[in-house]
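In: could you look at this predicted model? Sequence included:
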Amino acid sequence: MGPEEFLQIVLGLPEVTERESYGNMIGFRVRDKGFCYLDEAEGVVMLKATREEQVALVAEDPDTFAPSWASGRFAWLKIKLAAVDPGELNELVTEAWRLSAPKRLAATLRA
């Protein structure tokens, strides 16, 4: 998967806005809450996840997933776009969006 396919997924979610972020990253927000970042030059994405999901994915496939920082009940997951399954990335991006979107907005997106 490349950056173009990732952008189709993330920008297809309701009320997503894009803005420049730190370094070379582009940040994506829902109602002004960040939920993922794209570093096109490095071919990686960072997504918001639960701590449990971060640990499980890194243990399952350390060539694709790496831990980033964690705070409170959330952790961030670094994902290599070239190595990730497109269907799995779609699910992870959608879940990251749900973790940040207000409950009423999240309810508008079917599981």
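Out: Done, it's in.
In: wait, a helix at A82?
Out: No: according to DSSP: H, G, I helix; E, B strand; the rest coil, A82 belongs to no helix; its state is coil.
In: hmm, V45 and it touching each other?
Out: No: A82 is not in contact with V45 according to C-beta atoms under 8 Å; the separation is 11.1 Å. Bear in mind the C-beta positions are built from the backbone N, C-alpha and C, glycine included.
In: more neighbours: these two, which one.
Out: V45 (28 against 10; other C-beta atoms under 10 Å).
In: tell me, how many residues neighbour the nearest residue to the more buried one once chain neighbours are set aside?
Out: Of all residues not flanking V45 in the chain, I79 sits nearest, at 4.8 Å (C-beta to C-beta, 6 or more residues apart in numbering). Look at I79: counted by other C-beta under 10 Å, it has 26 neighbours.
In: ok, I79 - contacts?
Out: V44, V45, M46, L47, T64, F65, A66, L89, L92 (C-beta atoms under 8 Å, 6 or more residues apart in numbering).
In: the same query, at a cut-off of 7 Å, please.
Out: V44, V45, L47, T64, F65, L89 (C-beta atoms under 7 Å, 6 or more residues apart in numbering).
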